[in-house]
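Asker: Got a sequence here, can you model it:
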Amino acid sequence: MATDISRLVHNVDEQGFTALEKTGLRGQRDQGLVSTLISRDLSGSDDLCVSWGRILPGQHHLCHHHPDASEFYVVISGEPLVHLGDTEYRAKPGDGIYIPRGTTHGITNDGDDDVNLVVGVSKPADWQFVADE
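Answerer: Numbers count the residues shown, from 1 in each chain. This is a model prediction of the structure:
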């Protein structure tokens, strides 16, 4: 029997991007784009969510944490400033960054090139986003 891949395989160019929609503690908008590739609703996943993120030059993905999920970033292109707890890290393509549950994190693209990254969350949907700025 052949496997039906219609729910299991998704392409970022076909999915397209949507703007991030969260709001910070002072009413500031979250910035960046996301294309969900694996999730409960899209793929039937019961254990993770994977997306392609894009942070354009000058954009800032708000510092926040997830009390109920861990996360990871894999930087594909660009060199963003990644905020992890009380540390800032200049990421580069090929970096894999693990973000434990409850750790404050965010991304600033202070460069001239788009930042592209694969983002994974340890829940398929409905994780909490708690703004820390």
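Asker: which residues does the residue nearest the centre of the chain bridge with?
Answerer: Nearest to the mean C-alpha position of the chain, counting by CA atoms, centre = their mean, stands residue 119 at 4.1 Å. Counting by DSSP bridges, residue 119 is bridged to residue 51, residue 73.
Asker: Verify the stated contact: it with residue 54.
Answerer: No - with contact defined as CB atoms under 8 Å, residue 119 does not reach residue 54; the gap is 10.3 Å. In short, each C-beta sits where N, CA and C put it, glycine included.
Asker: State the distance from the residue nearest to the centre of the chain to residue 2.
Answerer: 31 Å (CB to CB, to the nearest Å).
Asker: do the same with residue 83
Answerer: Distance from residue 83 to residue 2, by CB to CB: 45 Å.
Asker: Neighbour count: these two, which is higher?
Answerer: In this view residue 83 and residue 2 are compared by other CB atoms under 10 Å, and residue 83 has more residues nearby, 22 against 4.
Asker: what's across from the more buried one in the sheet?
Answerer: Beta bridges link residue 83 to residue 88, residue 106, judged by DSSP bridges.
Asker: ok, it - contacts?
Answerer: The contact partners of residue 83, taken as CB atoms under 8 Å, 6 or more residues apart in numbering, are 63, 104, 105, 106, 107, 108.
Asker: want to try JSON lines for those residues, with neighbour count as columns?
Answerer: Output for the contacts of residue 83, formatted as JSON lines (neighbours: other CB atoms under 10 Å):
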{"residue": "63", "neighbour count": "18"}
{"residue": "104", "neighbour count": "18"}
{"residue": "105", "neighbour count": "20"}
{"residue": "106", "neighbour count": "23"}
{"residue": "107", "neighbour count": "25"}
{"residue": "108", "neighbour count": "18"}
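Asker: Closest one to residue 19 out of the residues you listed, please.
Answerer: residue 107 (14.8 Å; CB to CB).
Asker: confidence score at the closest one?
Answerer: Looking at residue 107, its pLDDT reads 98.
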